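Chemist: curious how this folds, go ahead:
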Amino acid sequence: MRAEPAVFRPRQLDSEASERITLLRFLLIVGVVFIHAYDTEVTVAGKVLGVNSPDSLGTLIRDFISQGFARTAVPLFFLLAGYFFFRNFDWSLGGYTAKLKARLHTLLIPFLCWNGFNLLFLLTAQNTPITQPYFSGVNQPILQYSFYDYVNQIIGLEGFPIAYQFWFIRDLMVVVLFAPLVYLALRYAPRTILVILSGLWFFNQWMWYFPSVGAVAFFYAGAYLGVKGRDLFSWDAHGKKFLVVYAVVLVADTLTKHAAYSDYLNRLGILLGMVAVLYLTKSIVRRPRLHSVLRWASSGSFFVFAIHEPLLRTLRKISYEILKPSSDLSILILYFVVPVLVIALSLMIFELLKAVTPGLVRIITGGRTPQRQNR
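Modeler: Numbers count the residues shown, from 1 in each chain. Model prediction:
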């Protein structure tokens, strides 16, 4: 029996849906920053500063935010990437080549630029007397790197790239390269492959380091929704129910981090949370003041993503060195203050660079900043 090919139905987004996705991207970046702010200890000049209290109220709050609510961010990014790659996908060699050329500018060039910047930053910090104590003693000095070490640090062949948040871009580039295989799966066995990939992600079964199973599964899920012409916000009618169920699962996940089933509860929470977060954008976009602020901040989403490390790591080390936090309360206060400061500084730097060197900003953000209109 011959497989029934999938029907590709291009779909245009209405203005409200487009706005909701724009705001969503910035909110997800905020989630990524808080994921990376989870740790409560830093190493400065060989000394460990901070407090590790796994059973404290502060840990529960950090688990609720960083290991719970914020964990919807990366899967949603991959889902959006797959959705928009395949939403109006008219397969041909020329069409595929055009999409690859576009990703060269939006993914590869920023990937190389920011990892190169991080390598140069760390090299400078390791060899400048005033900053050396903050960046030495843990990692191998960059001046001792072999050629392979440099390649490994930039690409992340054995782990994260040096700008470790860019593992997301690396994995996304790989799944984009294999888009023809995704197309064939969508054409001849869309639901079967979706179920298989979902199961592999849920039960954490995967044989490759990159792309991760989450990258493949959620990119494919987004592509499936895109080619089927599905609305990303089609669950809005049931949004309040999802919020209630998600809140219960999120609390249960937070309270059972050491249980044998905690990983599965966390993944269930991610799935429910994705729908809940999409639904919440409906309320945000209809609040003019909040909408206006987030609309402005959203133009710098990629820049905040790109620069928040090593900025977050640096500010955490400086704040821990100066303040010497020794209580759960002080650790919790810094957990909120430092990420907010990082996001604010990132947006300030973005606005400054956009005014001074707009061409450079367009290159390092993959063209994600609007060009000024001639008056």
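
Chemist: all contacts plus neighbour counts: C-alpha atoms, from now on.
Modeler: Will do.

Chemist: so how far is residue 276 from residue 240?
Modeler: Distance, residue 240 to residue 276, by CA to CA, to the nearest Å: 8 Å.

Chemist: of those two, give the one with the bigger neighbour count.
Modeler: Shown here are residue 240 and residue 276; by other CA atoms under 10 Å, residue 276 has more neighbours (25 against 14).

Chemist: verify the stated contact: the more buried one with residue 243.
Modeler: Yes - when contacts are counted by CA atoms under 8 Å, residue 276 is listed as touching residue 243 (5.4 Å).

Chemist: next SSE after the helix or strand where residue 184 lies?
Modeler: Per DSSP states H and E, residue 184 falls inside helix 179-188. Toward the C-terminus, helix 179-188 is succeeded by helix 190-202 as the next helix or strand (DSSP H and E).

Chemist: centre of the chain to that next one, how far?
Modeler: Distance, stretch centre to chain centre, for helix 190-202: 22 Å (CA atoms, centre = their mean, to the nearest Å).

Chemist: what's the answer for stretch 193-206, then?
Modeler: 20 Å.

Chemist: go on, stretch 284-294?
Modeler: When distances are taken as CA atoms, centre = their mean, stretch 284-294 is centred 22 Å away from the chain's centroid.

Chemist: CA atoms of the helix-or-strand element of the chain with minimal mean pLDDT as CSV?
Modeler: Among the helical and strand segments of the chain, the one scoring lowest on mean pLDDT, DSSP states H and E is helix 132-135, with a mean of 74. Extracted C-alpha coordinates of helix 132-135, given in CSV (Å, rounded to 0.1, in the frame of the first residue of the first chain):
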residue,chain,number,x,y,z
GLN,A,132,43.0,37.2,35.4
PRO,A,133,41.8,35.9,38.8
TYR,A,134,38.2,35.7,37.5
PHE,A,135,39.0,33.6,34.4
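
Chemist: show me what that helix is packed up against.
Modeler: strand 41-44, helix 109-126 (3 or more CA pairs under 8 Å, 6 or more residues apart in numbering; DSSP states H and E).

Chemist: mind giving me TSV with the ones you listed and columns for distance to residue 312, mean pLDDT and mean neighbour count?
Modeler: Shown next, in TSV, are those (distance: least, CA to CA, whole Å; pLDDT from 0 to 100; neighbours: other CA atoms under 10 Å):
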stretch	distance to residue 312	mean pLDDT	mean neighbour count
strand 41-44	12	85	18
helix 109-126	13	91	18
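
Chemist: turn those into CSV, columns for distance to residue 294.
Modeler: Formatted as CSV, those follow (distance: least, CA to CA, whole Å):
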stretch, distance to residue 294
strand 41-44, 31
helix 109-126, 23
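
Chemist: and the ones you listed: which comes nearest residue 334?
Modeler: Proximity to residue 334, assessed across those by CA to CA, is greatest for strand 41-44 (11.3 Å).

Chemist: pull the residues that contact that closest one.
Modeler: Contact with strand 41-44 is made by 48-52, 133-136, 138, 316-317, 320-321, as judged by CA atoms under 8 Å, 6 or more residues apart in numbering.
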